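K.L.:
please work out how this folds:
(chains A, B and C)
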Amino acid sequence: MKLNINLEKKLGSFSLQVKTSVSGERIGIFGASGSGKSTLVHLIAGLMQPDAGELYLDDTCLYSRRKGINLTPEQRRIAIVFQQAMLFPHLGVKANLLYGYKRCKPQHRKIDPEALIEILNLRHLLLRGVSNLSGGEKQRVALGRAVLANPRLLIMDEPLSALDDSLRYQIIPYLRSVSEEFGIPYLFISHSITEMQLMTDQVLVIENGNLSGVSTPDELARTNMSQNPKGYLNLLRLTDPVMLEGLFHYPWGTGTLIVSYGKEEGESLFELSSRDIILFKKNPEAISARNLIECRVAEIFDSGGRKGVVLEAGNQKLVAEIVRTAAEELEISPGATVFAAVKATSFRRLG
Amino acid sequence: MNLSPQDITAIGLSMKIAISATLLSLPFGFATAWIMVFRNFRGKLLLEVLVNLPLTLPPVVIGYFLLLLFGRHGWGGAALRAAGVEFIFTWKAAVVASATVGFPLLVRSIRLGMESIDRQLLQASRSLGATWYDTLATVVLPLSFRGMIAGSSLMFARSLGEFGATIIVAGNIPGLTQTIPLAIYDYASSPTGTSMALALCAVSVTLSIVILLLHEVIGRKLENGRGA
Amino acid sequence: MKNAQKSMQRIIVALFAFMMTALPAMAGQLNISAAASLKESINEMTEKYAATHPGTTFAKNFGASGALAGQIENGAPADLFISASTEWMDYLGKKNLIDAAGQKNFAYNLLVFAGTTSKTVKGMNDLTRLDKIAIGSPKSVPAGEYAMEAMKKSGLDQKLTGKLVMGKDVRECLTYAEMGEVEGSFVYRTDALQAKKAKILFTVPADLYSRVTYPMALTTTGAKNDDAKAFFTWLQGGEAKNILKKYGFELK
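P.N.:
Residues are numbered from 1 along each chain as shown, chains lettered A, B, ... in the order given. This next block holds a predicted model:
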């Protein structure tokens, strides 16, 4: 999927100006509230009219002031998953799901509704009305509805913001798998870096109505490390732990990670803040923290006034965060060996 | 309490005219409410004033304007006569009088209902491939039902009580345009008609109560139906 | 303080004086309720009378005789009542609201059918070919009652349902005819003579309806009023009769 964006829009005292060209299947749009990311997305979908510029999706012109082209939303085939699901209250689940499907021209119908219903686990909801569904169920139906419209591009506008944490990370696998299974590229809008890391390969960063950069989720996390109260959040997928003395021992890299709040069976996603990793120049030998990992410093980067230290242990990576003076004192440099200490309680299970 | 055959006719006529006025106004009321809620254009304020005007004008004034417009010498009347259509002093004029007088009530109720429709639902509909008129029919219309029912009940009730405009433009013609209010007026002009007038008044009150009850019941059914 | 008191005194004196001058005027005011068809003639009569009797002023109330009777019954001020049918006079008589003993017949009239239609209308039977006909509401307008009587006697009342536009008094019927809103109306001959556009199409045969009689009487309040009694007498005199003749009323 290729998007050529060159759009301008003025709304009162707020002014949006974005000019960029991106290619990819999973693209994120990141920004704080009021930064203009919602406006940008409305412009792309045709729900708002730009003041000037051009917009191309895969070489199809969606908008060009110069040429006098402005496709209506229904002509653009860009489906949206909203923050608040926005299911039609007067229709049941099945009717909602098929709303876009019915309006899709037969030659464009690539997706099998039955397959989608299975993947999204909606079979048992089909005959129900929509007002008594839980938040997660609503978003799954909303996602199914958008996908069944067989769009060229799926826009997900903060689809997880209204859900609580446990639910959020349950839905993410659905979002990704549906897109991958049916080959639908998406634009994922969020103000959460973690969500970006899990959902996107590239991120457009919007600030005050302007594109301040295009980067990867990892770079984004690094740049925001010092501002983010949780620093850089390391995301770890750990599976099949062994229970010992009430603690979860997960295989990781060449060794084990010991986690206090894990899950006995299956795969879990954990986040570990860069600020919860303490570095030792020498092996401290006796330490209360249950995790003591010998690592090699792969890279050091600057972020605000801090230093981010990229540690390698076997084939795994962790990012730790220390102040500049600490880096100097410990003489930390790429190639050096350090010991990273992490408490078992520092791992937060996301889902 | 006794009702003469003429009274029964008046009751039947009142119902027929009220139902016709409501059905006639519904499409226009819906369209007007839609324009006022979802469209912006220059002169919108003027439209709002025009639509609300019948609420503030004395009904006789409305009747008189209709008479000027559709009477012998009005340009509307000339056109109708050319088409062979009788209008003034027929039940059709009574329908138009009731429709005009009740129109602001209808539009107001539908507007309220429409304003509570989340705009993002319409955006969702468009992004799923529906044209603006498809969205209008499959999303706006169903979600406006409650407002339409509320507005219809109000309009129906108002029509049953319509007097001023009706007597001017449709006249007091038993069997043709003499509705319940006009029949009561006829009785009231005569000192011997009190008991007959009261009988019709009782009918009028009963009808109003029935309509209001129906309005509540239907309104609740719609709410519950949505919740399932 | 003294100035304020003086102003107050002046105002009170002025009000009192005003009331004193107003009272005599009220004392000489006569309230007349008369059938709508008598409007022009009564207006001319009261003008003539007032010119020669400067202490008397008139408040005139014209309308359908039935409606007027209802008003008087409900306490509307009236010294003199002139009805277009005996029915409404008898109605008040039964309620002891009029001086029945002094009741006299004021005038008589003829019922006609007048209109602007171009269709041929020569008699009662031609009415079925018309689209709309105005009559006074028979419940309260004598002209309508007479018309209904004539229609029933001609066997036409069923055939004309849906064509009859009810007017609140005979003048409204005339207006409907003048404006062309109806093809014709049942009015009195005297009303038709006032018409500008409507023409008398036919006179209703006398055997089809009771004679149009205008009884007049003083109300019980009026009977106590000397000015009212004086006017009542004048109305039976020659000057009044000349005015009635002028407008086309019959006197016997």
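
K.L.:
nearest to chain B: which residue in the stretch 1-150 of chain C?
P.N.:
residue C:70 (3.4 Å; Cβ to the nearest Cβ). For the C-beta atoms, the positions are set from N, CA and C on the backbone; glycine is no exception.

K.L.:
number of residues surrounding the nearest residue to residue C:166 once chain neighbours are set aside?
P.N.:
Once flanking residues are discounted, residue C:166 sits nearest to residue B:172: 3.8 Å by Cβ to Cβ, 6 or more residues apart in numbering or on different chains. With neighbours defined by other Cβ atoms under 10 Å in any protein chain shown, the count for residue B:172 comes to 25.

K.L.:
so what's residue B:172 up against?
P.N.:
Neighbouring residues of residue B:172 by Cβ atoms under 8 Å, 6 or more residues apart in numbering or on different chains: B:178, B:182, B:185, B:186, C:137, C:165, C:166, C:167.

K.L.:
widest-spaced pair of those residues?
P.N.:
B:185 and C:165 (13.7 Å; Cβ to Cβ).

K.L.:
tell me which of those two has more neighbours.
P.N.:
More crowded of residue B:185 and residue C:165, by other Cβ under 10 Å: residue C:165, with 24 against 20.

K.L.:
in a helix, the more buried one, correct?
P.N.:
No - counting by DSSP: H, G, I helix; E, B strand; the rest coil, residue C:165 is not found in a helix; it is strand.

K.L.:
can you list the residues of chain B near chain C?
P.N.:
Residues of chain B lying near chain C by Cβ under 8 Å from any Cβ of the partner chain: B:71-72, B:86, B:88-89, B:171-176, B:178, B:182, B:186-187, B:189-193.

K.L.:
distance between the host helix or strand of the residue of the stretch 1-150 of chain C closest to chain B and the chain's centre?
P.N.:
The secondary structure element spanning residue C:70 is helix C:65-73 (assigned by DSSP states H and E). Relative to its parent chain, helix C:65-73 has a centroid offset of 11 Å by Cα atoms, centre = their mean, to the nearest Å.

K.L.:
helix or strand next in line after that helix, which one?
P.N.:
strand C:80-82.

K.L.:
next one: that following strand to chain centre, how far?
P.N.:
Counting by Cα atoms, centre = their mean, strand C:80-82 comes out at 9 Å from the chain centroid.

K.L.:
ranges for the helices of chain A?
P.N.:
A:37-45, A:73-76, A:93-102, A:113-119, A:135-148, A:165-182, A:193-199, A:217-223, A:324-329 (DSSP state H).

K.L.:
in the last one, which residues are buried?
P.N.:
Of all the residues in helix A:324-329, those buried under the rule 16 or more other Cβ atoms under 10 Å in any protein chain shown are residue A:327.

K.L.:
repeat that for the fourth one.
P.N.:
By neighbour count, with 16+ other Cβ under 10 Å as the criterion, the buried positions of helix A:113-119 are A:113, A:116, A:117, A:119.

K.L.:
near chain B, which residues of chain A?
P.N.:
So chain A meets chain B at A:45-47, A:72-74, A:76-80, A:82, A:84, A:86, A:88-90, A:99-100, A:103-104, A:128-129, A:131-132, A:145-146, A:149, A:155 (Cβ under 8 Å from any Cβ).

K.L.:
whichever residue of the stretch 151-300 of chain A sits closest to chain C: neighbour count?
P.N.:
Closest contact between the stretch 151-300 of chain A and chain C, by Cβ to the nearest Cβ, is at residue A:151 (62.6 Å). Using other Cβ under 10 Å, the number of residues around residue A:151 comes to 24.

K.L.:
check residue A:315 too.
P.N.:
Neighbours of residue A:315 (other Cβ under 10 Å): 7.

K.L.:
for it, give me phi and psi.
P.N.:
phi -100, psi 10 (degrees, to the nearest 10).

K.L.:
that one and residue A:255, how far apart?
P.N.:
Distance of residue A:315 to residue A:255, given as Cβ to Cβ, to the nearest Å: 12 Å.

K.L.:
what do you get for residue B:204?
P.N.:
90 Å.

K.L.:
which one of these two is surrounded by more residues?
P.N.:
Taking other Cβ under 10 Å, residue B:204 and residue A:255 do not tie; residue B:204 has more neighbours (19 against 16).

K.L.:
element containing the more buried one?
P.N.:
With DSSP H and E as the criterion, the answer for residue B:204 is helix B:194-227.

K.L.:
the closest residue to residue A:299 other than its chain neighbours: what's it in contact with?
P.N.:
Closest residue in space to residue A:299, ignoring its immediate chain neighbours: residue A:310 at 4.1 Å, by Cβ to Cβ, 6+ apart. Contacts for residue A:310 (Cβ under 8 Å, 6+ apart) come out as A:297, A:298, A:299, A:300, A:301, A:317, A:318, A:319.

K.L.:
wait, which of the buried residues of helix A:113-119 is closest to residue C:78?
P.N.:
The closest of the buried residues of helix A:113-119, once distances to residue C:78 are taken by Cβ to Cβ, is residue A:113, at 85.0 Å.

K.L.:
the closest one and residue A:94, how far apart?
P.N.:
For residue A:113, the distance to residue A:94 - Cβ to Cβ - is 9 Å.

K.L.:
same check, this time on residue A:277
P.N.:
Taken as Cβ to Cβ, the span from residue A:277 to residue A:94 is 49 Å.

K.L.:
and what of residue B:52?
P.N.:
Taking Cβ to Cβ, one finds residue B:52 at 42 Å from residue A:94.

K.L.:
and the residue of the stretch 151-252 of chain C nearest chain A?
P.N.:
Closest point on the stretch 151-252 of chain C to chain A, by Cβ to the nearest Cβ, is residue C:162, at 45.0 Å.

K.L.:
next one, pLDDT for that residue please.
P.N.:
On pLDDT, residue C:162 comes in at 87.

K.L.:
surely it touches residue B:173?
P.N.:
Yes - taking Cβ atoms under 8 Å as the definition, residue C:162 is a contact partner of residue B:173 at 6.8 Å.

K.L.:
more neighbours: those two, which one.
P.N.:
The residue with more neighbours, out of residue C:162 and residue B:173, is residue B:173; 24 against 16, by other Cβ under 10 Å.

K.L.:
quick check: closest non-adjacent residue to that one.
P.N.:
residue C:165 (5.0 Å).

K.L.:
which residues does the one you found bridge with?
P.N.:
Bridge pairing for residue C:165 (DSSP bridges) gives the partners residue C:134.

K.L.:
may I have the predicted confidence score for it?
P.N.:
94.

K.L.:
and the gap between the residue nearest to residue A:299 and chain B?
P.N.:
41 Å (Cβ to the nearest Cβ, to the nearest Å).

K.L.:
can you give me the strands in the stretch 1-150 of chain A?
P.N.:
A:2-11, A:14-23, A:26-30, A:52-57, A:60-64, A:69-70, A:78-81 (DSSP state E, counting those that start in this stretch).

K.L.:
swap that for chain C, sorry
P.N.:
C:29-35, C:57-63, C:80-82, C:104-109, C:111-115, C:133-136, C:164-167, C:184-188, C:199-203, C:212-218 (DSSP state E).

K.L.:
return the set of buried residues in the first one.
P.N.:
Counting neighbours by 16+ other Cβ under 10 Å, one finds that the buried residues in strand C:29-35 are C:30, C:31, C:32, C:33, C:34, C:35.

K.L.:
same question, stretch C:131-147
P.N.:
C:132-147.
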